[in-house]
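Trainee: need coordinates for the below:
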Amino acid sequence: MVDGGFVRVSEPQWRGRRPRAVLLGPQRGLTDEAHMAALHAVVERHADIVAVDTAFSIDLRPLEFDLVVVFGGDGSVLRSARRMAERQRPVLGVNLGRLGFLAALPPDELESWFPKVASGECRIVHHLMLHCTVSRGEEVIASRMGLNEAAILGGPPYSILDVDLYVDGLWATTYSCDGLIIATPVGSTAHNLSAGGPILRKTIAAFVISAISPHTLTVRPVVDAADRVYEMSVRQPHQATAVVVDGKELAQLTAEDRVRVVRAEPTFQLIEVEAQNDYRTLREKLGWRGSISAPPR
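Mentor: Numbering: from 1, shown residues only. Now for the predicted structure:
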């Protein structure tokens, strides 16, 4: 899935036939039923609908389908990745939320773009995912795949943690901080960005390690290859110290626990209906401006 340090791009496998689609979302309150019925009708005209799940509760793994249409925001796209687990399928995100980094297609453009998707006139970009496991001694007590990040968070009483980081089995450093984030390129614009970490191009095969509120001025975020093995341990965790994957608690930690983060074998497959400009996304979604001058003509 990785070529020269970049995650690959592929063509739709359903080209030449009518695709099978699963519809996920939206969360209650994002739109009205009549609007959703109209959006579902657009998909149904060009694809066979295998399942509809507004609560993200169906186990998608045993179903046979070609693509997923997610109605909602980026959080809904993250939930779709969790539901598919090891059997990732291409995802088209229809933005009913706010930012829409991953769910980038406006709902009023679904009618014009979905026929192209159904006929295979799109590309599928494979994004890096991570696999996080927590070991207590020789036993793995928890594991989960993630699309954005794995983070160790302190919890009350919110005093500083000492987090040891190991890379490929070798001690790298000890962070004195409120927490530590290991993020994918997709996740680099999420919690990592809020913690002062860099933005990575989404197709790069790399992780970024960012400390949350570090206690020393010399601590800086680090970008390293996705092929390495990253391990973390907390010397004196609080009672509520936990490892969190994509915003969901995976396990509460003890001093004996080891958190391991590696590149997941599956990739998250995002359908792009047209070439998307990452810098335009940053300007329009995050209000990124290099100056107060007008843009070039």
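Trainee: all helices of the stretch 151-297 of the chain, in order?
Mentor: Along the stretch 151-297 of the chain, counting by DSSP state H, counting those that start in this stretch, helices occupy 191-194, 278-286.
Trainee: out of those, which one sits most buried?
Mentor: Each of the helices of the stretch 151-297 of the chain was scored by mean neighbour count; the highest is helix 191-194, a mean of 19, by mean count of other C-beta atoms under 10 Å. The way it works is simple: take the backbone N, C-alpha and C, and place the C-beta from them, glycine included.
Trainee: which residues sit against that helix?
Mentor: Outside helix 191-194, the residues within contact range by C-beta atoms under 8 Å, 6 or more residues apart in numbering are 148-149, 151, 181, 183, 198-199, 208, 210, 221.
Trainee: same check on stretch 262-275?
Mentor: Residues external to stretch 262-275 that are found in contact with it (C-beta under 8 Å, 6+ apart): 1, 7, 10, 12, 67, 81, 86-93, 102, 105, 113, 116-117, 121-131, 145-147, 186, 205, 207, 226-227, 229-230.
Trainee: same question for stretch 13-24.
Mentor: By C-beta under 8 Å, 6+ apart, the residues outside stretch 13-24 that reach it are 12, 40, 43, 46-54, 56, 60, 63-72, 76, 79-80, 83, 89, 118-120.
Trainee: list the contacts for residue 253?
Mentor: Going by C-beta under 8 Å, 6+ apart, residue 253 touches 134, 152, 234, 237, 241-243, 259.
Trainee: ok, back up a step: please, a ChimeraX command that selects the buried ones among the contacts of stretch 13-24?
Mentor: The command below creates a ChimeraX selection of those among the contacts of stretch 13-24 that count as buried (16 or more other C-beta atoms under 10 Å):
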select :12,40,43,46,47,50,53,54,56,60,65,66,67,68,69,70,71,72,76,79,80,83,89,118,119
